[in-house]
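Participant: Give me coordinates for this.
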Amino acid sequence: MARQPTRLLALAALAVLVGGARAFQPSPHISASTRGAPSSATSLGMAPRFDKASQKWFVTDPETEGPSAGYNIVGSLYRAGPVPFFQRIVNADTYEQAVLKYMAQEGCDRKEAQGNMDAFLENPQDWAYQKMEEKKGKPVKDYANANMDPQQIILSTVWAAVVVVFAYDLVTGVAEGRYGKAEGTDLFHGNLWSLPF
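Facilitator: Residues are numbered from 1 along each chain as shown. So this is what the prediction gives:
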């Protein structure tokens, strides 16, 4: 019976690794000299547009501006951590609207907009500070390819696996009474103060 959760955990990890393969596609980098100036796609009217009736942004070219043109949710996890990952799950429409708005305002591609949105969700103050510094002439940070070198990907994957294994062991250990001798009581039934710690 103990092998079933381990097997399920291994299958989930395999699904994340296989499903996240698109997260590792490099993004074409926009140089600092063209940043802030509308791109050729924007000047041709091929940027996301705002519909005043529905109060939503929509794509004009799904292949270059739609979700398939960017990276998936695992890409957000690798680039900026768990905060944007969970925001994409919980607030998917808000995330999509923010990405489309950034694309339209900055004249950039989808991957760059996603990278900036992920960085903003992970730490808004640092992202805003970086943008202010870029306007003063500092080097432009490439958020679309942040943390995507192979060494960092391997390190992040191993670290995440260790955290998941320990968290799983903690939850199952508390549920089974392995941690702290519950003697008929346990943490899940409101008996926190009666546990012998």
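Participant: what mean pLDDT would you report for the helix ranked longest in the chain?
Facilitator: With secondary structure taken from DSSP state H, the chain has its longest helix at helix 150-176. Helix 150-176 carries an average pLDDT of 92.
Participant: buried set for it?
Facilitator: Neighbour-count burial for helix 150-176, counted by 16 or more other Cβ atoms under 10 Å, picks out 156, 174. Placement of C-beta: from N, CA and C, glycine included.
Participant: which residues of the protein score low on pLDDT?
Facilitator: Residue ranges of the chain with pLDDT under 70: 1-46, 180-197.
Participant: Strands along that one, start to end?
Facilitator: 49-51, 56-58 (DSSP state E).
Participant: for those strands, which one ends up most surrounded?
Facilitator: strand 56-58 (a mean of 16; mean count of other Cβ atoms under 10 Å).
Participant: Which residues does that one contact?
Facilitator: 48-51, 97, 100-101, 104 (Cβ atoms under 8 Å, 6 or more residues apart in numbering).
Participant: Neighbours of residue 135, how many?
Facilitator: A total of 10 residues lie near residue 135 under the criterion other Cβ atoms under 10 Å.
Participant: re earlier: of the strands of the chain, which approaches residue 82 most closely?
Facilitator: Of all those, strand 56-58 sits nearest to residue 82, with 25.8 Å by Cβ to Cβ.
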